[in-house]
Structure formats: structure tokens, C-alpha cells
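S.K.: everything below, folded, please.
(chains A and B)
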Amino acid sequence: MAEQKPAVVRIQNATLSYGETTLWTDLNIEVKPNEFIAVIGSNGSGKTSLLRAILGQEPLTTGQITVVGKPAGQANHRIGYIPQHRSTDTDVPLRARDLLRLGYDGHRWGLPLPTRKMRARVNHVLDCISGHELADKPVGTLSGGQLQRFRVGQAVIGSPDLILADEPLSALDLHQQQAVANLIDEERREHQAAVLFVTHDVNPILGMVDRVLYLANGRFRIGTPDEVLRSDVLSELYGTAVDVVRNQGRIVVVGVQDHHHHPDEEWV
Amino acid sequence: MIFNFNDYADLLPLITNSLIAGALLALVGGLMGVFVNTRDMSFAVHGISELSFAGASFALLAGTDVVLGSIAGSLVAAGLIGVLGARARERNSIVAVLMPAGLGLGILAISLYRGTALNKFGLLTGQIVSVDVPQLAWLAGISIFILAVLALIWRPLAFASLDPEVATARGVPTRLLSFVFMLLLGLAVAASVQVVGALLVLSLLVTPAAAALRVTKVPALMALLSVVFALTSVLGGILLAVGAGLPISPYVTSVSFLIYVVCRLIERIRK
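M.R.: Predicted coordinates for the structure are as follows:
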């Protein structure tokens, strides 16, 4: 039945360019509820710009984007956003539970008076992310993995239709990456939310991804991981010989020039 | 003599206006301070207060309302800092440029002014002991306006200040809030200049909240402590100053500083 549901995100003929540089052209995607899409591509391929365009923060050169039927930027309260991990200032007057609360009603006007409904919702999310023990710690004292768990909680606390995640696993160790990725997967299933997950490493989420959107050279490919993450498809997309190597359940793309990564730090 | 509490009971009725004004400004300063600290704007407060001083000095020279002049100076500074200094680093250099310019202009105006010396120094170091009724009406009006707007925007402003990236993604109008906050800050500084003087505004708008942040990271408790610290500093400072017959600002700043030191010690002991 999932196919009959209206799209959460509809991107039609979208092009984004800055002067001479074209990030992507003629992008057409429909993201269905509960669908998990990985957005991958090298640095500068416009992954984050795509998220910004969906949030209505980046005007398209041509084309249009709608989110739950409304033009981009007009339904952002229906979107849960998980940012990249950044170590926060220890002086921020915010406990982990307050971070969740900001995601629940931080966008509303008025004073943050406590309500029973809000408390119940925060407690429910604390159950989901196993966060009760950390709830009263200042966010500045949380480890990277702990903070990202609360970021996931913050994104889902308002039961969003769409979760946008911008490199949420970077700066985490492998164990934490898997834990946070699994949490995102569980939460999107519980809330029937669609996920657009920007990452430079698809491996931690390979088991949960429905489709992959691969951006490169101003062009794109979209399909299941098996359809897109292939040597012939990526070679055509990059216009140069690229090898997709599968090794012990991991996928590595070899042969792509990426000035922002060390050659030994292979990705995808 | 620094303290003289003979005839103290006779003096109290004379400073009722000052105490009311001080309490209002402490409430405003304590609450605004929460955001001044979390938005990293302490230095901007100092810059705004110097232009507020310039505005007030020119008003004194021109014989117009000093409070109006002080508000005009404040708002010009807040506007410039808001428009030109979106990022923290840019903001710091703009403040550093505005500050001496404002102070210089203010001193020029004061030098040309031929009135009483009390008024001149008052703008720099405070003059609350002589708050009159029209002045109190101004302060009350400004304070109530700031508190009302702050109550309306508190939640999204906190979101935008503490977690700007996610707040922007969630559709919080961060730029609008930033603009409104600068406007409120300009008004709060202009009001505080009347009491503690341009040089010491930081002790009302920064120190109490900074002290609170040393002892708690719970948002509501921090706001509450900040207000309590500001009230203690201002009211305590006024009551001590009355006994001494000296300007109130040294007393306000000393109490405020003492609270900060104690809070730091508490933080140190806890660790």
C-alpha cells in the first residue's frame, strides 16, 4: 500500500547552480513515507545544498520542491533535522533533556512553561533512545555518540514526516556509528518518517537503505544500492574508470579523485 | 566616609523611585543577560553603551531629553552591530571601532556642555540616587516593553541562541529574532545607562547571568538566578550607596563582582 501514499518530498526538474558551477541538473525524485534514501557523492557535489534546498534555505535555479505538499520552507515544522556532530561549548545552559524539548516546541512563540504533555513526550523519547541516565547532564559534557543519540531524539520528538540527516555519523567511532544509525532506522519505522541521509560513507547504513541518490559531476543516479553502487554505473557517472569493490559486506569506491580526502581514507 | 547609616530611615523615602527603577532594570538586565551570554554578545553590550553615552551627551548639550538621546544612540549602535556584524568575529571588530568613536563624541559633547558637573559624570558613572518621576516613567515604560517582547519570543530566541543550526532547519526565523533581540538590547542598555552609567552597564547586563551560568546549566534556574543576582546587586548597591552619599555604581559593580567570584568558587569546589 505504501506506493499509494502521497510523496513526502517531491523534487521536480530541479537545478542548482552558482555562476558557472552546476551542482545538479534536472533532479526528479519522489520520496515516499517510510523510505530511507542515502544521498552520497564527493565533497562539493551538492549533497548538503540539496538538504538546504529542501529546507527552503537555498533557492533553486530552476524547478521546484514540495514537502508534504507545500513549497519548500513552508512546512519545516514537519521536518526533523539531525546535524553533523560538533562538540558543544561546555558553557551552554542546556541539559540533554532540554535539547529534546527544543525539538518538541522550541519553534513556538511564548515562554517555555512546562506542560504535562511535553514531559510525557520527552520521557517517551528518552525511553526510545535509552537516554534517561544522561537526561540531566549538560550537553557540553556528552560524548559524540551520546550527543548524536539525543540529536536523533530531538529530530523525532515532534513525529516528523521527514527526517533530514546531514552527516550525522561523522566524527563517531564505528561502534557509535552503528548504534546511531540503528536508532535512526528504528525511529523512522516507528514514526513512518521518510529519511534523507547525507553521508560520505554508505556502509553503516547499507542494511537499512531503500534507495541511493548518487551525485557527481552535476549529474545523478538514483536506485537501489545494487542498481547504483556498481562499477559500470559510477564509471559512466564520473566519466572515468571507477571500481566498486565489495569486501566483507563493505562497499568501497576506488579511483575517484577527491581532494578533500586522503587516498587511504576510502569512502562510499 | 564610605558608610554612614545614621538617619538611614529618613533617607529611605527619598530613594523609593530609585529602588523601583533599580528593581525594574535588574529584572530586565538579569533576563536579557541570559541571552547576551548565550549569544556571546558581552562585548557588543559595551559598544552599545558607549554610543548610548554619546547620544545622551548630545541630548544634554542640545537641552533635549537625555533618555531619548541615550535611546537614539543605543539603537544606532545596535542597528549597526546587527547589520554589519552577523558573525561573532566581525561583530567584535565593529564594536571595537564603534566604542572609541562613541566615547570620543560623548566626551566632546560633555566638554562643550556648560551645566552642572553632576549630570556630566552621571552619564558615565550612574546617577540613580536622583531618579525623578518623569525619568522613572521612561524606565518603567522601556522595561515593561522589553519584558513583554521577551516573553513573546523567549522560546524561539532560546532555540536560535542555543542550537542555531537545528532552529533554522525547523523554520525558526533566526534573522528576525536576531534583529528584535538587538533592538531590545539597545533599549535595555539605554535604560541601564541612566542608572549605572555607560561604563558600568556590563555589571547589569552581563555579570549576573555569567555568574548564574557558573553554578547551573538548567535553563530556567539560570534565568532565575541571574535575576536574583541582578536584583541583589542593584538594590544592595543603592542601599549601600545611600549610606555613603557616593555614586551608586561602585557599590552595584562591587556586589555584582562579588557574586560572580563566589559563583566561580562554588563551581571550583564542586569539581
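
S.K.: quick check: what element follows the strand or helix carrying B:S203 along the chain?
M.R.: Here B:S203, judged by DSSP states H and E, is contained in helix B:202-205. Proceeding N to C from helix B:202-205, the next assigned helix or strand is helix B:207-215, under DSSP H and E.

S.K.: grab the longest helix from chain B for me.
M.R.: The longest helix of chain B (DSSP state H) is helix B:133-162.

S.K.: re earlier: need the residues that contact the helix holding B:S203.
M.R.: Helix B:202-205 is contacted from outside by B:25-26, B:29, B:32-33, B:36, B:42, B:45-46, B:49, B:185, B:188-189, B:192, B:195-196, B:230, B:233-234, B:249, B:252-253, B:256-257, using C-beta atoms under 8 Å, 6 or more residues apart in numbering or on different chains. Bear in mind the C-beta positions are built from the backbone N, C-alpha and C, glycine included.

S.K.: one more time with 7 Å
M.R.: Contact with helix B:202-205 is made by B:25-26, B:29, B:32-33, B:36, B:42, B:45-46, B:188-189, B:192, B:196, B:230, B:233-234, B:252-253, B:256, as judged by C-beta atoms under 7 Å, 6 or more residues apart in numbering or on different chains.

S.K.: now do the buried residues in the longest helix of chain B.
M.R.: By 16 or more other C-beta atoms under 10 Å in any protein chain shown, the buried positions in helix B:133-162 come out as B:135-136, B:138-139, B:142-143, B:146-147, B:149-150, B:153-162.

S.K.: rewinding a little: filter the contacts of helix B:202-205 to the buried ones?
M.R.: Buried members of the contacts of helix B:202-205, scored by 16+ other C-beta under 10 Å, are B:25-26, B:29, B:32-33, B:36, B:42, B:45-46, B:188-189, B:192, B:196, B:230, B:233-234, B:252-253, B:256.

S.K.: which of the residues you listed fall within helices?
M.R.: Short answer: the buried ones among the contacts of helix B:202-205 in helices (DSSP H) are B:25-26, B:29, B:32-33, B:36, B:42, B:45-46, B:188-189, B:192, B:196, B:230, B:233-234, B:252-253, B:256.

S.K.: helices or strands up against the host helix or strand of B:E90?
M.R.: Under the criterion of DSSP H and E, B:E90 resides in helix B:88-112. Under the contact definition 3 or more C-beta pairs under 7 Å, 6 or more residues apart in numbering or on different chains; DSSP states H and E, helix B:88-112 sits against helix B:42-62, helix B:66-84.

S.K.: just to revisit the earlier point, what's the model's confidence in the helix holding B:S203, averaged?
M.R.: Helix B:202-205 comes out with an average pLDDT of 91.

S.K.: write out the residues of chain A neighbouring chain B.
M.R.: A:55, A:57, A:76-77, A:79, A:81, A:83, A:91-95, A:98, A:102, A:105-112, A:138, A:154 (C-beta under 7 Å from any C-beta of the partner chain).

S.K.: show the buried residues in these.
M.R.: A:55, A:76, A:79, A:81, A:83, A:92-95, A:98, A:102, A:105-107, A:112, A:138, A:154.

S.K.: all the helices of the stretch 51-200 of chain A, residue numbers only.
M.R.: Applying DSSP state H, counting those that start in this stretch to the stretch 51-200 of chain A gives helices spanning A:96-105, A:116-128, A:144-156, A:174-191.

S.K.: any regions of the chain where pLDDT drops low?
M.R.: As the question left the chain open, I've gone with chain A. Applying pLDDT under 70 to chain A picks out residues A:1-5, A:257-268.

S.K.: wrong one, I was asking about chain B
M.R.: Across chain B, the ranges flagged by pLDDT under 70 are B:1-6, B:86, B:116-120, B:127-131.

S.K.: residues from it in reach of chain A?
M.R.: Within chain B, the positions adjacent to chain A are B:38, B:151-156, B:158-159, B:162-163, B:165-172, B:213, B:217-219, B:222 by C-beta under 7 Å from any C-beta.

S.K.: neighbours around A:S17, how many?
M.R.: As a burial measure, A:S17 scores 15 neighbours (other C-beta atoms under 10 Å in any protein chain shown).

S.K.: what about it, is that helix, strand or coil?
M.R.: strand (DSSP: H, G, I helix; E, B strand; the rest coil).

S.K.: repeat that for the one 5 residues further on.
M.R.: Remark: A:T22 carries the secondary structure label strand [criterion: three-state DSSP].

S.K.: hmm, A:F220 and it touching each other?
M.R.: No. Here A:T22 does not reach A:F220: they are 11.5 Å apart, not a contact under C-beta atoms under 7 Å.

S.K.: these two - which one has more neighbours?
M.R.: More crowded of A:T22 and A:F220, by other C-beta under 10 Å: A:F220, with 23 against 15.

S.K.: quick one: contacts for the more buried one?
M.R.: The neighbourhood of A:F220, defined by C-beta under 7 Å, 6+ apart, consists of A:W24, A:L27, A:L213, A:Y214.

S.K.: for B:A56, state which of those is nearest.
M.R.: Set against B:A56, the nearest of the contacts of A:F220 by C-beta to C-beta is A:W24 (55.5 Å).

S.K.: mind listing what that closest one touches?
M.R.: A:W24 makes contacts with A:T15, A:L16, A:G46, A:L215, A:G218, A:F220, as judged by C-beta under 7 Å, 6+ apart.

S.K.: likewise for B:I71?
M.R.: B:I71 sits in contact with B:L187, B:A190, where contact means C-beta under 7 Å, 6+ apart.

S.K.: now swap in A:L215 and tell me
M.R.: Residues near A:L215 by C-beta under 7 Å, 6+ apart: A:W24, A:V39, A:G41, A:S45, A:G46, A:K47.

S.K.: among these, which two are most distant?
M.R.: A:W24 and A:V39 (10.7 Å).

S.K.: pull out the buried members of the contacts of A:F220.
M.R.: A:W24, A:L27, A:L213, A:Y214.

S.K.: find the residue closest to B:M32 in space, skipping its chain neighbours.
M.R.: Excluding its sequence neighbours, the residue lying closest to B:M32 (C-beta to C-beta, 6 or more residues apart in numbering or on different chains) is B:A188, at 4.9 Å.

S.K.: now do B:V218
M.R.: In space, and not counting its chain neighbours, B:V218 is closest to A:R95: 6.3 Å by C-beta to C-beta, 6+ apart.

S.K.: hmm, that neighbour is touching A:G140, no?
M.R.: No. The criterion here is C-beta under 7 Å, and A:R95 misses it with A:G140 at 9.9 Å.

S.K.: just to revisit the earlier point, what packs against the longest helix of chain B?
M.R.: Where contact means 3+ C-beta pairs under 7 Å, 6+ apart, helix B:133-162 is packed against helix B:16-38, helix B:174-196.

S.K.: tell me the one of the contacts of A:F220 nearest B:R87?
M.R.: Among these, A:W24 lies closest to B:R87 (C-beta to C-beta), at 28.5 Å.

S.K.: so how far is A:I11 from the closest one?
M.R.: Per C-beta to C-beta, to the nearest Å, A:W24 is found 10 Å from A:I11.

S.K.: residues in contact with B:I146?
M.R.: By C-beta under 7 Å, 6+ apart, B:I146 lies in contact with B:V28, B:L184, B:L187, B:A188.

S.K.: circling back to that earlier point, and the furthest pair within the contacts of A:F220?
M.R.: With C-beta to C-beta as the measure, no two of the contacts of A:F220 lie farther apart than A:L27 and A:Y214, at 11.8 Å.

S.K.: nearest to chain B, of the buried ones among the contacts of A:F220?
M.R.: Ranked by distance to chain B (C-beta to the nearest C-beta), the buried ones among the contacts of A:F220 are led by A:L213 at 19.2 Å.

S.K.: show me what contacts B:L112?
M.R.: Counting by C-beta under 7 Å, 6+ apart, the residues that B:L112 touches are B:L61.

S.K.: okay, it and B:A72: tell me how far apart.
M.R.: Per C-beta to C-beta, B:L112 is found 18 Å from B:A72.

S.K.: just A:Q248 next, same as before
M.R.: In terms of C-beta to C-beta, A:Q248 sits 70 Å off from B:A72.

S.K.: higher neighbour count, the two?
M.R.: For A:Q248 versus B:A72, neighbours defined as other C-beta under 10 Å are more numerous around B:A72 (21 against 4).
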